[in-house]
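>>> The amino acid sequence is not available; the structure is as follows:
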Ligand SMILES: Cc1ncc(C[n+]2csc(CCOP(=O)(O)OP(=O)(O)O)c2C)c(N)n1
């Protein structure tokens with residue numbers, strides 16, 4: 001499956017997952033789909049038949065509320081049956097709304113309490129350096145999430161320990177739960193902030209597969225002894241017209257039978 005089709009399938013199945021519960025984190029799930037499509041088609045060294053493979057790359061979905069997008073990706077890769085997508089948050093499910101390392105094959109870190117994932121990723125990346133394991137730790141944070149102080153403690157640690165085996169993606173969709181990020185507490189210029197903390201940074205269109213791929217390749221080739229941060233300009237609800245134009249309400253919203261049918265039509 002090419003990456004364009006893969007991203008469409010991830011969006012369709014993200015909505016399938018959210019539709020099973022009738023509502024959920026639609027906006028911030030759809031905004032990271034193109035990154036997931038590029039990562040899991042071109043970069044993640046993983047084996048769905050052996051999710052705990054020792055030398056696998058790891059992904060920390062620090063904005064853990066976007067679980068449905070990662071579940072759709074993992075199911076399509078064959079980590080678990082597609083039918084699991086219909087059980088989001090149900091009693092006894094393996095797919096809780098926020099990601100959990102103990103429940104879902106292919107999930108490498110529990111997250112949901114914003115701000116913690118980068119610290120966890122630093123631990124993973126430091127451990128790999130100590131063990132001499134050659135692999136990458138990828139992290140996806142929200143932009144509103146950067147308002148958490150713990151992010152910047154972890155950023156300092158990452159630079160100090162020269163974690164060039166870690167790539168942090170910031171999903172800059174300009175909205176958070178309560179409204180526009182700039183109105184809640186402005187976090188721009190994100191790249192300049194990470195650079196000041198000792199990161200090598202890039203800024204890309206987070207829906208341009210080729211640009212994302214190039215940025216990741218560049219980060220991997222650049223053995224500068226610095227951790228990398230790729231700021232992605234994205235759209236909350238990307239891929240479905242009525243979610244893209246919903247405003248901040250798309251953060252957590254409904255996926256009714258009618259909305260699901262309309263969305264699937266747009267994503268054919
Ligand atoms: C520590 C913490 N505080 C509050 C929340 C509730 N919460 C869930 S998502 C969210 C908004 C996050 O915004 P952002 O990081 O920009 O995510 P995105 O817009 O990409 O979904 C908040 C405040 C949380 N999960 N964790």
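That came through, no problem. Since we're looking at a predicted model, the values are computed, not measured.
>>> Every contact and neighbour count from this point should use C-alpha atoms.
Noted.
>>> tell me the secondary structure for residue 141?
strand (DSSP: H, G, I helix; E, B strand; the rest coil).
>>> Distance check, it against the ligand.
Using C-alpha to the nearest ligand atom, to the nearest Å, residue 141 is found at 6 Å from the ligand.
>>> Kindly report the same for residue 2.
From residue 2 to the ligand the distance is 25 Å (C-alpha to the nearest ligand atom).
>>> residues contacting that residue?
With C-alpha atoms under 8 Å, 6 or more residues apart in numbering as the criterion, no residue contacts residue 2.
>>> Quick check: phi and psi at it.
phi -80, psi 170 (degrees, to the nearest 10).
>>> in stretch 86-103, what's buried?
86-89, 94-100 (16 or more other C-alpha atoms under 10 Å).
>>> Report the mean per-residue pLDDT for it.
Here stretch 86-103 scores 98 as its mean pLDDT.
>>> Now find how far off-centre it is within its chain.
Distance of stretch 86-103 from the chain centroid (C-alpha atoms, centre = their mean, to the nearest Å) equals 17 Å.
>>> for stretch 224-241, same thing?
9 Å.
>>> Can you measure across that stretch, start residue to end residue?
41 Å (C-alpha to C-alpha, to the nearest Å).
>>> Stretch 185-204 now?
Termini of stretch 185-204 sit 22 Å apart (C-alpha to C-alpha).
>>> go on, stretch 190-208?
19 Å.
>>> Check stretch 71-87 too.
Using C-alpha to C-alpha, the two ends of stretch 71-87 sit 11 Å apart.
>>> Check the offset of stretch 41-55 from the chain's centre.
Distance, centroid of stretch 41-55 to centroid of chain: 17 Å (C-alpha atoms, centre = their mean).
>>> One more: stretch 11-31?
The answer for stretch 11-31 is 14 Å, by C-alpha atoms, centre = their mean.
>>> Identify each buried residue in that stretch, please.
Within stretch 11-31, judged by 16+ other C-alpha under 10 Å, the buried ones are 11-22, 24-31.
>>> One more: stretch 200-212?
Buried, per 16+ other C-alpha under 10 Å, within stretch 200-212: 200-209, 212.
>>> Not counting its own residues, what contacts that stretch?
Defining contact as C-alpha under 8 Å, 6+ apart, one finds that stretch 200-212 is touched by 3-4, 32, 34-35, 38, 171, 191, 194-195, 215, 226-234.
>>> For the chain, which residues are neighbours of the ligand?
28, 112-114, 142-145, 171, 175-177 (C-alpha under 6 Å from any ligand atom).
>>> circling back to that earlier point, turn the buried residues of stretch 86-103 into TSV, including secondary structure.
Compiled in TSV, these are given as follows (three-state DSSP):
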residue	secondary structure
86	helix
87	helix
88	coil
89	coil
94	coil
95	coil
96	coil
97	coil
98	coil
99	coil
100	coil
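>>> Save the residues you listed as TSV, and put in distance to residue 158 too.
Below are the buried residues of stretch 86-103 laid out as TSV (distance: C-alpha to C-alpha, whole Å):
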residue	distance to residue 158
86	38
87	37
88	34
89	33
94	32
95	30
96	29
97	28
98	25
99	23
100	23
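>>> between those, which is nearest residue 184?
residue 98 (23.1 Å; C-alpha to C-alpha).
>>> which ones are touching the closest one?
Neighbouring residues of residue 98 by C-alpha under 8 Å, 6+ apart: 64-67, 110-112.
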